[in-house]
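# the following block contains a protein sequence and its predicted model.
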Amino acid sequence: MPLAADPQIEHLLRRAGFGARPDELQRLGQYSVAQAVEYLVNYDDVPDDVDSHIGESGYSGMTSVAGFAPQSRVTDARQRWLFRMVHTNRPLQEKMTLFWHNHFATGYSKINGLIGTAEATRYMASRPSEDPGAVRGQLEMLRDLALGSFEEILVNIARDTAMLFWLDGRTNTRAQPQENFGREIMELFTRGVGYYTEADVYAAARVFTGWNLARPGSAADGSQHYAFTFVANQHETSAKTFSFPIYPDGGRTIPARPAADGMQDGLDFIAGLARSPETARYLAAKLYRFFVSDSGEVSGAFVDRVSAMYLRSRGEMKPVIRDVLLSPEFWSPASYFARYSWPVEFVVRAIKDIGWAGFSLGDTLTPLNNMGQTLYDPPDVAGWDLGPSWFSTGAMLARMNFASTLAGNQKFRIAASARPYAQTAQSVLSWALDALAARPLDSAVRTELGDYLAATGVWTGADAQLQTKVPGLVHLIAGSPEYQFV
């Protein structure tokens with residue numbers, strides 16, 4: 001729990017990461033804002049060794065049954081992702097992975113109902129290096145491509161095993177075109193509501209006929225798995241015409257092709273969606289809501305600039321996100337603490353601010369569910385309902401309870417961190433408010449917090465007071481309405 005660093009760096013790390021560990025503040029505090037943004041977007045230059053620290057002392061713990069198995073047990077997969085959010089030195093990579101996870105919302109529960117827990121977890125979270133069939137789960141794909149080509153992400157999503165189960169692409173055949181994926185790739189993944197027709201949905205369904213699943217590998221060695229395959233004899237080969245351009249010359253019709261070449265229909269369609277100005281503006285608006293503010297109107301100037309960069313970069317996300325993080329809207333004083341924190345943002349930020357030694361990430365899973373967010377399991381294809389919708393009475397109580405649990409778990413560390421400021425109750429309060437940066441508190445709230453420290457008698461700064469009153473103070477701040485914004 002360090003004293004406050006540069007408020008600009010803290011703002012950057014709340015939005016482009018999940019808050020800041022002391023070492024992150026120290027590292028990025030040496031940089032200008034522009035240099036810090038470059039450090040974050042060029043995360044490929046930073047070693048990705050965070051998972052090697054799982055199980056080591058000095059890091060968050062895990063709670064697992066019968067051995068840690070994130071490739072086949074979803075509770076372990078959730079803890080592994082939370083571990084990365086807390087301890088990674090590539091915070092923007094994890095933040096963008098969360099953005100894409102919500103953008104391409106795919107629910108574990110449905111897949112689990114179709115093929116069982118281990119297989120469902122495998123297609124959501126497995127890594128090729130740990131899987132006998134070299135399966136790369138959806139989240140690992142999104143992490144790998146987090147700041148890459150949007151078109152490449154779309155192609156991978158269309159071929160993704162979890163997505164083929166989630167939106168029923170595995171049943172999309174020439175005789176019965178399945179419309180789910182064709183609709184959502186236009187409505188939720190690219191162009192947005194109002195920029196396609198029902199005829200487009202039917203044409204898109206036919207584009208993806210034959211984009212199904214196979215079952216390669218061997219059951220004997222565990223390598224057997226579901227994987228994308230193009231089944232040529234299930235592809236509908238006629239021409240498909242859309243209400244918007246598919247090709248750079250303005251052409252709206254994907255030509256009839258022999259079945260053997262039919263996969264190109266989907267690739268042409270995806271390329272057309274990826275280069276669409278409507279897609280550029282749709283993504284720019286979502287990025288504004290994610291990185292700048294989820295209240296009020298989306299800035300038209302921001303959308304104009306960011307969508308123009310998207311089109312200039314041909315959908316490469318690194319220059320787009322660089323523009324977002326350097327935008328005047330991002331750095332406006334009005335944008336500080338202007339976005340409602342998602343449950344996972346609140347939990348990870350609190351752990352970074354308060355401490356993690358001796359704390360198990362397994363103890364976050366039920367609170368996160370009670371707050372309204374279960375990783376790998378958004379409620380539907382539209383993703384989580386964001387903004388003030390996070391803050392029902394029950395969800396806010398769950399946040400306050402989590403803050404209490406964490407502060408109690410870390411009480412000795414909190415007391416030790418506060419000891420240099422223990423001369424007066426006001427100096428301890430100032431330290432705590434700096435360490436847990438939040439929206440400015442109303443003077444009456446600050447007075448109440450000071451009264452809490454003095455409620456049981458004269459403040460002496462003794463160890464007993466530090467170990468009882470200061471963790472309680474930290475709980476009150478972390479559970480306050482002001483701390484719920486990033």
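In hand now; what should we look at?

# how about Ser299, nearest residue that isn't a chain neighbour?
Nearest residue to Ser299, sequence neighbours excluded (CB to CB, 6 or more residues apart in numbering): Glu329, at 5.1 Å. C-betas here are computed from N, CA, C, even on glycine.

# that neighbour and Asp304 touch, don't they?
No: using CB atoms under 8 Å, Glu329 is not in contact with Asp304, being 11.4 Å away.

# pick out whichever of the two has more residues nearby.
Legend: neighbour count by other CB atoms under 10 Å for Glu329 and Asp304, higher for Glu329 (19 against 13).

# surely that one is in a helix?
Yes: applying DSSP: H, G, I helix; E, B strand; the rest coil, one finds Glu329 inside a helix.

# residues contacting it?
By CB atoms under 8 Å, 6 or more residues apart in numbering, Glu329 lies in contact with Tyr288, Val292, Ser293, Ser299, Ala301, Phe302, Ser335.

# in helices only, show me those residues.
Tyr288, Ala301, Phe302 (DSSP state H).

# residues of the helix or strand bottoming out on mean pLDDT in the chain that come out buried?
For the chain, counting by mean pLDDT, DSSP states H and E, helix 443-454 ranks last in confidence among helices and strands (a mean of 90). By neighbour count with 16 or more other CB atoms under 10 Å, helix 443-454 contains the buried residues Leu449, Gly450, Leu453.

# for that helix, name the packing helices and strands.
Helices and strands touching helix 443-454, by 3 or more CB pairs under 8 Å, 6 or more residues apart in numbering; DSSP states H and E, are helix 425-435, helix 463-478.

# just put these in JSON lines and tack on mean pLDDT, mean neighbour count and distance to Thr241.
Formatted as JSON lines, those follow (pLDDT from 0 to 100; neighbours: other CB atoms under 10 Å; distance: least, CB to CB, whole Å):
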{"stretch": "helix 425-435", "mean pLDDT": "94", "mean neighbour count": "19", "distance to Thr241": "60"}
{"stretch": "helix 463-478", "mean pLDDT": "94", "mean neighbour count": "20", "distance to Thr241": "56"}
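
# go through these and name the closest to Ser218.
Closest approach to Ser218 among the helices and strands packed on helix 443-454 is made by helix 463-478 (50.4 Å; CB to CB).

# ok now the closest one, how far from the chain's centre?
For helix 463-478, the distance from its own C-alpha centre to the chain's C-alpha centre is 31 Å (CA atoms, centre = their mean, to the nearest Å).

# and it with helix 425-435, angle?
Interaxial angle of helix 463-478 relative to helix 425-435 (axes from the mean of the first three to the mean of the last three CA atoms, to 10 degrees): 40 degrees.

# nearest the geometric middle of this structure, what residue?
With distances taken as CA atoms, centre = their mean, the residue of the chain nearest its centroid is Leu98 (1.2 Å).

# let me know the helix or strand that that one is in.
Here Leu98, judged by DSSP states H and E, is contained in helix 91-103.

# where in this protein is pLDDT low?
1-5 (pLDDT under 70).

# mind running it again at 80?
By pLDDT under 80, the weakly predicted segments of the chain are 1-5, 456-457.

# any idea where the strands of it begin and end?
Here the chain has its strands, by DSSP state E, at 211-214, 227-230, 240-241, 253-254.

# for those strands, give me CSV that also has distance to Ile157 and mean neighbour count.
Formatted as CSV, the strands of the chain follow (distance: least, CB to CB, whole Å; neighbours: other CB atoms under 10 Å):
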stretch, distance to Ile157, mean neighbour count
strand 211-214, 11, 18
strand 227-230, 11, 18
strand 240-241, 20, 18
strand 253-254, 19, 18
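
# right, so of these, which gets closest to Tyr196?
Of all these, it is strand 240-241 that lies closest to Tyr196, at 12.8 Å by CB to CB.

# can you list the strands that the closest one pairs with?
Taking DSSP bridges as the criterion, strand 240-241 pairs within the sheet with strand 253-254 (antiparallel).

# so what touches the strand it pairs with?
Val207, Ala239, Lys240, Thr241, Phe242, Ile246, Asp265, Asp268, Phe269.

# could you do stretch 11-26 as well?
For stretch 11-26, the external contacting residues (CB under 8 Å, 6+ apart) are 2, 5, 9-10, 28, 33, 36-37, 40, 85-87, 89, 91-92, 94-95, 291-292, 325, 330-331, 335-336, 339, 344-345, 348-350, 352-353, 486.

# show me which positions of it end up buried.
Buried residues in stretch 11-26, counted by 16+ other CB under 10 Å: 11-21, 24-25.

# most neighbours among the contacts of strand 253-254, which one is it?
Among the contacts of strand 253-254, the one with the most neighbours (other CB under 10 Å) is Val207, at 30 neighbours.

# can you give me every residue that contacts Arg339?
By CB under 8 Å, 6+ apart, the residues touching Arg339 are Arg15, Arg289, Phe290, Val292, Ser293, Asp294, Ser295, Phe485, Val486.

# go ahead and confirm Glu152 touches Leu145.
Yes: using CB under 8 Å, Glu152 is in contact with Leu145, at 5.9 Å.

# among these two, which residue is more densely surrounded?
Per other CB under 10 Å, whichever of Glu152 and Leu145 has more neighbours is Leu145, with 20 against 17.

# now that one: closest residue in space that isn't a chain neighbour?
That would be Ile153: by CB to CB, 6+ apart, it lies 5.0 Å from Leu145.

# measure stretch 46-59 end to end?
Start to finish, the residues bounding stretch 46-59 are 19 Å apart (CA to CA, to the nearest Å).

# list the buried residues for it?
By neighbour count on 16+ other CB under 10 Å, the buried set for stretch 46-59 is Val50, Ile54, Tyr59.

# ok, now stretch 152-172?
Buried positions in stretch 152-172, judged by neighbour count with 16+ other CB under 10 Å: 152-167, 169-170, 172.

# Arg206: neighbouring residues, count only.
22.

# what about the residue nearest to it when sequence neighbours are not counted, distance to Val381?
Spatial nearest neighbour of Arg206, chain neighbours left out: Glu236 (4.5 Å); criterion: CB to CB, 6+ apart. Between Glu236 and Val381 the computed distance is 23 Å (CB to CB, to the nearest Å).

# Ala284 too?
Counting by CB to CB, the gap from Ala284 to Val381 is 21 Å.

# Ile115 is nearest to which of the strands of the chain?
Nearest of the strands of the chain (CB to CB): strand 211-214, 10.4 Å.

# so what touches that closest one?
So strand 211-214 is in contact with 158-159, 161, 164-165, 169-173, 226-231, 234, 263, 266, going by CB under 8 Å, 6+ apart.

# do the same with stretch 103-119
With contacts defined as CB under 8 Å, 6+ apart, stretch 103-119 is touched by 72-74, 120-121, 123-124, 138, 142, 153, 157, 160, 162-163, 165-166, 188-189, 225-226, 286, 376-384.

# quick one: end-to-end distance for it.
For stretch 103-119, the end-to-end distance is 23 Å (CA to CA).

# and that stretch, how far out from the chain's middle?
Mean-position distance between stretch 103-119 and its chain equals 18 Å (CA atoms, centre = their mean).
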